[in-house]
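Asker: sequence first, predicted coordinates after that:
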Amino acid sequence: MNEMSGQNENYRHLARQIKAWAQELGFAEARITRAELPVEAEATLAAWLAEGCHGEMEYMARHGNLRLRPAELVPGTLRVISLRMHYWPEEAAASDAVLADSSRAYISRYALGRDYHKVLRNRLQKLAERISVHEPSHQFRVFTDSAPLAEVALAAQAGQGWRGKHTLLLNKQQGSLFFLGEILTNLPLPEDDSEVGHCGRCTRCLDICPTAAIVAPYKVDARRCISYLTIELKGVIPEPLRPLIGNRVYGCDDCQLACPWNRFAVPTAEADFAVRHGLDDVCLLELFAWDEATFQQRMAGSPIYRIGYAKWLSNLAIGLGNAAYDPAIVVALQQRQEDDNDWVRESVIWALQRQAEGR
């Protein structure tokens, strides 16, 4: 065996070890791809940005094509190790039941436990350091929704699944209810094959979207997306969209709940993603009664913490406005009519008008 073939075999062996170590650390799967994406991806991104579909997410435009060029993001990168970790908490109250009760608050199921950024970053770092023990020349950086990186596109190219019509990654065996993370590495590991899509003629995700944010297959207009509106948007949700939000106060799972592939979804085994503070099935009024100190204490370590107390109250007020008429709701809203925050006051006034209309 010559030196080159011996080195290639060493990297093939290391790739197999990486995949085994990843599962030991709680990941569902690890796959490997090259540190570049097809050139047509840049044209697609440019068109999406030109249409303003990124809304107020200015960083999307600022970084532009850097998202599609991992080797420019981290010079020396040759491969991207893509990893998945399940998050769906099996013990959570049934999503359809919570969504059907306008007095309850619906929180996207990925946000019911601890902040996934911290959990995944810690595991990714451990895996990367373990690789370095076996290959001292290893140079790396780890990411999970924390850098200008086209995570779904890279995961699809690595064969973790395919991009669904809702733009999320779908796996034929395990659905889409998982987080993604990446290790950018300088090691020339063997690449895994990608997978063809399996959405076929299905349009359930497009049909179910409450705000029609999936404007075409494989294209989401963030300006209409409930996840964007309740999390990323700095300010009050635009008035025409408020009635469509229903009781979704942080994120939205509708497109994933409707997807037939999620009949194969795997519940999480991670204790960190277990439901905290009963957030899977809680009254809007109970959450609206929290003062800022309670919000900070209960949401410490949660992804919800980062939207801040004012945005939280604003979202809840809109949920209360969409709820069936209840004198208790009117009283709670009236108590915040003079709130110091503009976002909260505007949402409360709108919600009071909605409650009055529903009498």
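Answerer: Cool, got the structure.
Asker: after the longest helix seen in the chain, next one along is what?
Answerer: Longest helix in the chain, counting residues (DSSP state H): helix 3-24. Following helix 3-24 in sequence order, the next helix or strand is strand 29-34 (DSSP states H and E).
Asker: what's the closest non-adjacent residue to Asp272?
Answerer: Counting by C-beta to C-beta, 6 or more residues apart in numbering, Asp272 lies nearest to Arg114, which is 4.2 Å off, once chain neighbours are set aside. Heads up, the C-betas are built off the backbone N, CA and C, glycines and all.
Asker: what does Gln174 give?
Answerer: Nearest non-adjacent residue to Gln174 (C-beta to C-beta, 6+ apart): Val266, at 5.0 Å.
Asker: what's the burial count for the residue nearest to Gly164 when sequence neighbours are not counted?
Answerer: Nearest residue to Gly164, sequence neighbours excluded (C-beta to C-beta, 6+ apart): Leu170, at 4.2 Å. Neighbour count of Leu170, defined by other C-beta atoms under 10 Å: 27.
Asker: then Ala293?
Answerer: Neighbour number of Ala293 under other C-beta under 10 Å is 9.
Asker: where do the strands sit along this protein?
Answerer: 29-34, 79-86, 104-107, 140-143, 162-163, 169-170, 178-185, 214-216, 219-220, 248-250, 282-283 (DSSP state E).
Asker: would you turn the ones you listed into CSV with mean pLDDT and distance to Leu206?
Answerer: Formatted as CSV, those follow (pLDDT from 0 to 100; distance: least, C-beta to C-beta, whole Å):
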stretch, mean pLDDT, distance to Leu206
strand 29-34, 98, 27
strand 79-86, 98, 24
strand 104-107, 98, 20
strand 140-143, 97, 30
strand 162-163, 98, 14
strand 169-170, 98, 14
strand 178-185, 98, 22
strand 214-216, 98, 5
strand 219-220, 98, 10
strand 248-250, 98, 18
strand 282-283, 98, 30
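Asker: can you redo the ones you listed as TSV with distance to Asp272?
Answerer: Formatted as TSV, the strands of the chain follow (distance: least, C-beta to C-beta, whole Å):
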stretch	distance to Asp272
strand 29-34	19
strand 79-86	10
strand 104-107	16
strand 140-143	17
strand 162-163	27
strand 169-170	21
strand 178-185	11
strand 214-216	30
strand 219-220	28
strand 248-250	18
strand 282-283	20
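Asker: quick one: which of the ones you listed is nearest Glu151?
Answerer: strand 178-185 (4.7 Å; C-beta to C-beta).
Asker: the residue nearest to Gly164 is in contact with Cys259, isn't it?
Answerer: Yes. In this structure, Leu170 is within contact of Cys259 by C-beta atoms under 8 Å, at 7.1 Å.
Asker: for the strands of the chain, which one sits closest to Leu120?
Answerer: Comparing the strands of the chain by C-beta to C-beta, strand 178-185 comes nearest, at 4.4 Å.
Asker: report the angle between that closest one and strand 79-86.
Answerer: 160 degrees (axes from the mean of the first three to the mean of the last three C-alpha atoms, to 10 degrees).
Asker: who does strand 178-185 pair up with?
Answerer: Its sheet considered, strand 178-185 pairs with strand 79-86 (antiparallel), strand 140-143 (antiparallel) by DSSP bridges.
Asker: tell me what angle the first one forms with helix 3-24.
Answerer: Going back to what we said before, that points to strand 79-86. Using the same axes, to 10 degrees: strand 79-86 against helix 3-24 is 20 degrees.
Asker: and strand 79-86, how far out from the chain middle?
Answerer: Counting by C-alpha atoms, centre = their mean, to the nearest Å, strand 79-86 is centred 15 Å from the centre of its parent chain.
Asker: give me the angle between it and strand 29-34.
Answerer: Using the same axes, to 10 degrees: strand 79-86 against strand 29-34 is 160 degrees.
Asker: number of nearby residues for Ala274?
Answerer: 15.
Asker: now it. Its backbone dihedrals?
Answerer: phi -70, psi 160 (degrees, to the nearest 10).
Asker: next up, the contacts around it.
Answerer: For Ala274, the contacting residues are Pro89, Glu91, Leu112, Gly113, Thr268, by C-beta atoms under 8 Å, 6 or more residues apart in numbering.
Asker: do that again at 7 Å, thanks
Answerer: Residues near Ala274 by C-beta atoms under 7 Å, 6 or more residues apart in numbering: Pro89, Glu91, Gly113.
Asker: got it, and Val215?
Answerer: Asp221 are the contacts of Val215 under C-beta under 7 Å, 6+ apart.
Asker: also Arg12?
Answerer: Arg12 neighbours (C-beta under 7 Å, 6+ apart): Pro190.
Asker: separation between it and Thr77?
Answerer: 20 Å (C-beta to C-beta, to the nearest Å).
Asker: quick one: low-confidence parts of the stretch 1-150 of the chain?
Answerer: Scanning the stretch 1-150 of the chain for pLDDT under 70 picks out the ranges 1-6.
Asker: next, give phi and psi for Glu338.
Answerer: Here Glu338 shows phi and psi, under degrees, to the nearest 10, equal to phi -100, psi 30.
Asker: tally of neighbours for it?
Answerer: Neighbour tally, Glu338, other C-beta under 10 Å: 9.
Asker: which residue sits closest to it, ignoring its sequence neighbours?
Answerer: Per C-beta to C-beta, 6+ apart, closest to Glu338 is Arg345, 7.3 Å.
Asker: then Ala289?
Answerer: Closest to Ala289 by C-beta to C-beta, 6+ apart is Ala332, at 6.9 Å.
Asker: what is the neighbour count of that neighbour?
Answerer: Ala332 has 20 nearby residues by other C-beta under 10 Å.
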